[in-house]
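Enquirer: for reference, the sequence and a predicted model appear below.
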2 protein chains.
Amino acid sequence: MDFTFDAISADERAHAEAVYTPFTQAIRELIDAAVRTGVDGQTIAQAQHAVEAVTATLTVTEQAGTRTLRDAVTGRPIAWGNPVVGSRNAIAPPLDIQFTDGECWAEFDLGSAYEGPPGWVHGGMCALVLDHILGEAASDQLSKPFFTGTLTCKYLRGTPLGRLRAVARLERVDGVKAYAHGHISDADGVTVQADGVFIMPAWARGQP
Amino acid sequence: MDFTFDAISADERAHAEAVYTPFTQAIRELIDAAVRTGVDGQTIAQAQHAVEAVTATLTVTEQAGTRTLRDAVTGRPIAWGNPVVGSRNAIAPPLDIQFTDGECWAEFDLGSAYEGPPGWVHGGMCALVLDHILGEAASDQLSKPFFTGTLTCKYLRGTPLGRLRAVARLERVDGVKAYAHGHISDADGVTVQADGVFIMPAWARGQP
């Protein structure tokens, strides 16, 4: 695993975000519309061909994998392609994670594309969000190589679609293990709690 | 929560699948291309406008939420919009879950859009997949109202992007709790193990 990402300046980053953010949002809206549309088969077929034509304009130049960069000033990775926070990944809600008083938190909306039981967020989507935000807390905003060792999610009640909040905090570090705790809440309080143990792999233990 | 879904005949279902499956696949390829493309900002802007135009053709007729149907013959829900298995949800890889000898299993591919650390599946995506497939095992293929109570994922090593297999089995039912166990594996063996406790909520306990 390579953690020596190329650096990107603040200007380059701002420019790239300005290009990618609205494009990715347009794809998110397409995903949502595809789940909910009631148009006829012919319209769907036309939409399919139009989407394929767009994709063809993008695959002219592409990388084999995602290109993670790091901020030239902070040194932190910019996870463009990440499926929870990535500004280039339409799967990501995305979470815009804030860091205040030692706590990671984000407010975000989950719509129909994240639904499990009717009207409720898929339980696994809650686990995805919690794994990520606990991982941010454990890894000092993804800057240290800590990876999920164990994740336990306790579902107190259903998480409704709509506006949600996720929070996580690093509880303690014990050698190569970092322990984090967090939850998802709606306007009425906590819906899912999570505990995670994140581990620094052997190959990274000689690193600062 | 409403579990009395409208029925759909085998013919209607086959027709709908033939319309939606290639369209959703086209959107998945767009998501992947958007993560990996190296084209210039002007091409991205053009792609954005084209995607917005497609979405506008779909939102002419749409539902407030996802419309889950049930198979008229088997009575089982058809989770079109589900973010793990849904044939109408481009977020879903999707998993095509098979049921043999009391075991749920699926083979599937995860590409760049599911990436966490470079080259590896995001740990939370593994949790999403495992929550879903354990839930299928616990709920008799989503036909019984069992919802995730506790999910514990133990990550034995990184899960590489590419071809993967997920498996789950119902271990036992103890009153309103169903216990399931499963894992994700690559060609070299198990990467993540999971245990789940799924609970039948109070409102559903009078149901057959």
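Expert: Cool, got the structure. Residues are numbered from 1 along each chain as shown, chains lettered A, B, ... in the order given.
Enquirer: residue closest to the middle of chain A?
Expert: The centre of chain A sits closest to residue A:84, judged by Cα atoms, centre = their mean, with a distance of 1.0 Å.
Enquirer: secondary structure class for the closest residue to it other than its chain neighbours?
Expert: Nearest residue to residue A:84 in three dimensions, chain neighbours excluded: residue A:132, at 3.9 Å (Cβ to Cβ, 6 or more residues apart in numbering or on different chains). To be clear about C-beta, it is placed using only N, CA and C from the backbone, and glycine gets the same treatment. What DSSP: H, G, I helix; E, B strand; the rest coil gives for residue A:132 is helix.
Enquirer: elements contacting the longest helix seen in chain A?
Expert: For chain A, the longest helix by residue count, based on DSSP state H, is helix A:10-36. If contacts are counted by 3 or more Cβ pairs under 8 Å, 6 or more residues apart in numbering or on different chains; DSSP states H and E, helix A:10-36 sits against strand A:69-71, helix B:10-36, helix B:41-58.
Enquirer: what angle sits between that helix and helix A:41-58?
Expert: Here the directions of helix A:10-36 and helix A:41-58 differ by 160 degrees (axes from the mean of the first three to the mean of the last three Cα atoms, to 10 degrees).
Enquirer: buried ones in helix A:10-36, by neighbour count?
Expert: A:13, A:16, A:19-20, A:23-36 (16 or more other Cβ atoms under 10 Å in any protein chain shown).
Enquirer: so how far is it from its chain's centroid?
Expert: 14 Å (Cα atoms, centre = their mean, to the nearest Å).
Enquirer: on that earlier part again, surely the residue nearest to the centre of chain A meets residue B:122?
Expert: Yes - in this structure, residue A:84 is within contact of residue B:122 by Cβ atoms under 8 Å, at 7.1 Å.
Enquirer: overlap of the contact sets of those two?
Expert: Listed contacts common to residue A:84 and residue B:122 are A:128, A:132; contacts here mean Cβ atoms under 8 Å, 6 or more residues apart in numbering or on different chains.
Enquirer: pretty sure residue A:84 is in a strand, no?
Expert: No - looking at residue A:84 with three-state DSSP, it is coil, so not inside a strand.
Enquirer: to residue A:77, which of the helices and strands packed on helix A:10-36 lies closest?
Expert: Distance to residue A:77, taken as Cβ to Cβ, is lowest for strand A:69-71 among these, at 5.2 Å.
Enquirer: is the following helix or strand past that closest one anywhere near chain B?
Expert: Proceeding N to C from strand A:69-71, the next assigned helix or strand is strand A:77-78, under DSSP states H and E. No - judged by Cβ under 8 Å from any Cβ of the partner chain, strand A:77-78 and chain B are separated, with a smallest distance of 9.5 Å.
Enquirer: I'd like the distance from residue A:203 to residue A:147, if you could.
Expert: Look at residue A:203 and residue A:147: by Cβ to Cβ, to the nearest Å, they are 11 Å apart.
Enquirer: correction: the previous question concerned residue A:92.
Expert: 19 Å.
Enquirer: neighbour count for those two, which is higher?
Expert: Legend: neighbour count by other Cβ atoms under 10 Å in any protein chain shown for residue A:92 and residue A:147, higher for residue A:92 (25 against 21).
Enquirer: who touches the more buried one in this structure?
Expert: A:24, A:82, A:83, A:84, A:85, A:86.
Enquirer: so what pLDDT did the residue of chain A positioned farthest from its centre get?
Expert: Each residue of chain A has a distance to the centre, and by Cα atoms, centre = their mean the biggest one is for residue A:42: 34.2 Å. Looking at residue A:42, its pLDDT is 96.
Enquirer: what's the spacing between it and residue A:11?
Expert: Residue A:42 is 46 Å from residue A:11, by Cβ to Cβ.
Enquirer: do residue A:183 as well
Expert: On the measure of Cβ to Cβ, residue A:183 and residue A:11 end up 37 Å apart.
Enquirer: over to residue A:166?
Expert: Counting by Cβ to Cβ, the gap from residue A:166 to residue A:11 is 30 Å.
Enquirer: which residues touch the closest residue to residue A:114 other than its chain neighbours?
Expert: Nearest non-adjacent residue to residue A:114, counting by Cβ to Cβ, 6+ apart: residue A:125, 4.8 Å away. Residues in contact with residue A:125, defined by Cβ under 8 Å, 6+ apart, are A:110, A:114, A:116, B:83, B:128.
Enquirer: mind checking which of those are in strands?
Expert: Residues of those located in strands (DSSP state E): residue A:110.
Enquirer: export the contacts of residue A:92 to JSON lines and tack on pLDDT and distance to residue A:157?
Expert: JSON lines is the format used below for the contacts of residue A:92 (pLDDT from 0 to 100; distance: Cβ to Cβ, whole Å):
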{"residue": "A:24", "pLDDT": "98", "distance to residue A:157": "31"}
{"residue": "A:82", "pLDDT": "95", "distance to residue A:157": "28"}
{"residue": "A:83", "pLDDT": "97", "distance to residue A:157": "25"}
{"residue": "A:84", "pLDDT": "98", "distance to residue A:157": "22"}
{"residue": "A:85", "pLDDT": "96", "distance to residue A:157": "26"}
{"residue": "A:86", "pLDDT": "95", "distance to residue A:157": "29"}
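Enquirer: farthest pair within those?
Expert: Going by Cβ to Cβ, the pair spanning the contacts of residue A:92 furthest: A:24 and A:84, at 13.2 Å.
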